[in-house]
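> Below are the sequence and a predicted model for it; my questions follow.
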Amino acid sequence: MHAFIEEHGYQVVITNERYHHEIYLSDPRKCDVCKLKTVIRHPIKTMSS
């Protein structure tokens, strides 16, 4: 994921105050394991030229 972000002109900004976030869209108690879905959000910024 980090390589993809950098290839598209951005920089990952993970610090002690800014972390990635995981948003679970599926409930593992009600869904088959192979159908679980998660959104992962990384803090990014535009790379300076």
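Everything's here; your move.

> Now do the helix or strand encompassing residue 5: which elements does it pack against?
Secondary structure from DSSP states H and E places residue 5 in helix 2-7. Counting by 3 or more Cβ pairs under 8 Å, 6 or more residues apart in numbering; DSSP states H and E, the packing neighbours recorded for helix 2-7 are strand 10-12. C-beta coordinates here come from the backbone N, C-alpha and C atoms, glycine included.

> strand partners of the strand it packs on, parallel vs antiparallel please.
Note on strand 10-12: by DSSP bridges, its sheet partners are strand 44-46 (antiparallel).

> Tell me the buried residues in the partner strand?
Buried positions in strand 44-46, judged by neighbour count with 16 or more other Cβ atoms under 10 Å: residue 44.

> May I have the helix holding residue 5 exported as CSV, CA atoms only?
Included here for helix 2-7 are C-alpha records, laid out as CSV according to Å, rounded to 0.1, in the frame of the first residue of the first chain:
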residue,chain,number,x,y,z
HIS,A,2,2.8,2.4,0.8
ALA,A,3,4.4,1.9,-2.6
PHE,A,4,1.1,2.6,-4.4
ILE,A,5,0.7,5.8,-2.4
GLU,A,6,4.2,7.0,-3.2
GLU,A,7,3.8,6.0,-6.9
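
> Show me where the chain dips below the pLDDT cut-off.
Low-confidence segments of the chain (pLDDT under 70): 49.

> Test my guess that residue 45 contacts residue 10.
Yes. Contact between residue 45 and residue 10 holds when scored by Cβ atoms under 8 Å: they sit 6.6 Å apart.

> Next, show the common contact partners of these two.
Shared between the contact lists of residue 45 and residue 10 (criterion: Cβ atoms under 8 Å, 6 or more residues apart in numbering) there are no residues.

> Tell me who's in contact with residue 26.
When contacts are counted by Cβ under 8 Å, 6+ apart, residue 26 is found next to 35, 36, 37, 38.
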